[in-house]
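Q: starting from these lines, generate the structure:
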Amino acid sequence: MMEGPGGPLRDPAVKRELENFVEVWLHFDHHEKGAENIEREKEILGFQANPYWVIYDPATKKALRKQAFTLSVEVFLKFLRGE
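A: Numbering: from 1, shown residues only. Model prediction:
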C-alpha cells in the first residue's frame, strides 16, 4: 500500500473501493458559493475542517462516517469500508 505524497487516494486498493461511491467536493474558495459551502459543511460535520471526508446518506441527510485527513491507506480503507 502506498502512503506519503498524494495520500491514500493514489493507492490502487483505495481507487477500487471508491468505485462504490459518488464523490462530491465542497469548494470553500469559490467566490460565489464559498460561504454557502462553509455553512453546508458546518451543518453536516458540526464544524469546518479541510480536508475532511464524509460518507453521507442523501436520503436521511446524515453523515454515516467521518474521517479527518490521513496519509494512512489502511486507516482510509477502514473508513470507506465502515470497519
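Q: nearest residue to residue 18 in space, please, no chain neighbours.
A: residue 80 (7.1 Å; C-beta to C-beta, 6 or more residues apart in numbering). (Each C-beta comes from the backbone N, C-alpha and C, glycine too.)
Q: quick check: that neighbour touching residue 16?
A: No: applying C-beta atoms under 8 Å, one finds residue 80 not in contact with residue 16, separated by 10.0 Å.
Q: of those two, who's got more company?
A: Taking neighbours as other C-beta atoms under 10 Å, residue 80 and residue 16 compare with residue 80 leading, 19 against 10.
Q: show me what contacts the more buried one?
A: By C-beta atoms under 8 Å, 6 or more residues apart in numbering, the contact set of residue 80 is 14, 17, 18, 20, 21, 55.
Q: sec struct for the second one, please.
A: Using DSSP: H, G, I helix; E, B strand; the rest coil, the three-state assignment for residue 17 comes out as helix.
Q: so where do the strands sit in the chain?
A: For the chain, applying DSSP state E gives strands covering 52-57, 62-68.
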